[in-house]
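In: Return atomic coordinates for the entry below.
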Amino acid sequence: MSRDPDDEALRWEGDDDPTLAPGWRAVGSPAAVPAAEGGSPDAGEAASDGESETTTGTATDAPAQTGSAELVVLGVLGGIYLLYAIGWLVAALGEGQLFADPVAQFMYGLGTWFAVLAAPLWFGAVLWLASGHRRARLIWLIVGAVLLVPVPFLLRG
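Out: Coordinates of the predicted model:
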């Protein structure tokens, strides 16, 4: 039986090779289909074979996607943290305290530069450490937004 030449143009020799698409079919047994990809053509075929379908990963293993509202909140909080870093930078570059003791002067300068870095480091650390826990991430970002307010910048006249 010969194929239609038009159909031949839409195929590539070796398309049906199982090693080229490991996500669709494992060699010798049906491929595991995650719950999120229920629309694949092999899902119904695997269920009709009578074999138990084994899954390599569940939907809880994959990171949950961030919703639109959460992205907006994260963007607003990121902007607040950026403004805090700029406020602390302006305060650090302004006129500082003058101490007679050189160690106290050094420690004051070091503290102001740590204050400049505190807001971006807090934001990054919370996003990295609480990446799987949405509620904890938002709570810690709000706590940081309250704690890291650049008071010296706000008290300037």
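In: What is the neighbour count of A145?
Out: 17 (other Cβ atoms under 10 Å). For the C-beta atoms, the positions are set from N, CA and C on the backbone; glycine is no exception.
In: Which parts of the protein are strands?
Out: For the chain, the strands defined by DSSP state E occupy 25-26, 29-30.
In: ok, of the ones you listed, where does mean pLDDT dip lowest?
Out: Looking over these, mean pLDDT reaches its minimum on strand 25-26, with a mean of 46.
In: Please report the distance of A9 from G124.
Out: 51 Å (Cβ to Cβ, to the nearest Å).
In: which residues are in contact with stretch 85-99?
Out: Contact with stretch 85-99 is made by 105, 108-109, 112-113, 115-120, 150, 152-154, 156, as judged by Cβ atoms under 8 Å, 6 or more residues apart in numbering.
In: Mind telling me the two of these farthest from one another?
Out: Q105 and P120 (25.3 Å; Cβ to Cβ).
In: Who are the contact partners of A145?
Out: With Cβ under 8 Å, 6+ apart, A145 has these contacts: L77, I80, Y81, Y84.
In: more neighbours, A9 and G124?
Out: Set side by side, A9 and G124 show more neighbours around G124, with 11 against 8, by other Cβ under 10 Å.
In: Find me the pLDDT at the more buried one, would you?
Out: 92.
In: State the distance from it to P102.
Out: Taking Cβ to Cβ, one finds G124 at 33 Å from P102.
In: As a check, name the ranges of all helices in this structure.
Out: 5-9, 41-48, 68-93, 102-129, 134-147, 151-155 (DSSP state H).
In: distance of V149 from L155?
Out: Remark: distance between V149 and L155 (Cβ to Cβ) = 11 Å.
In: Those two: which is more packed in?
Out: A count of neighbours by other Cβ under 10 Å puts V149 above the other of V149 and L155, at 15 against 8.
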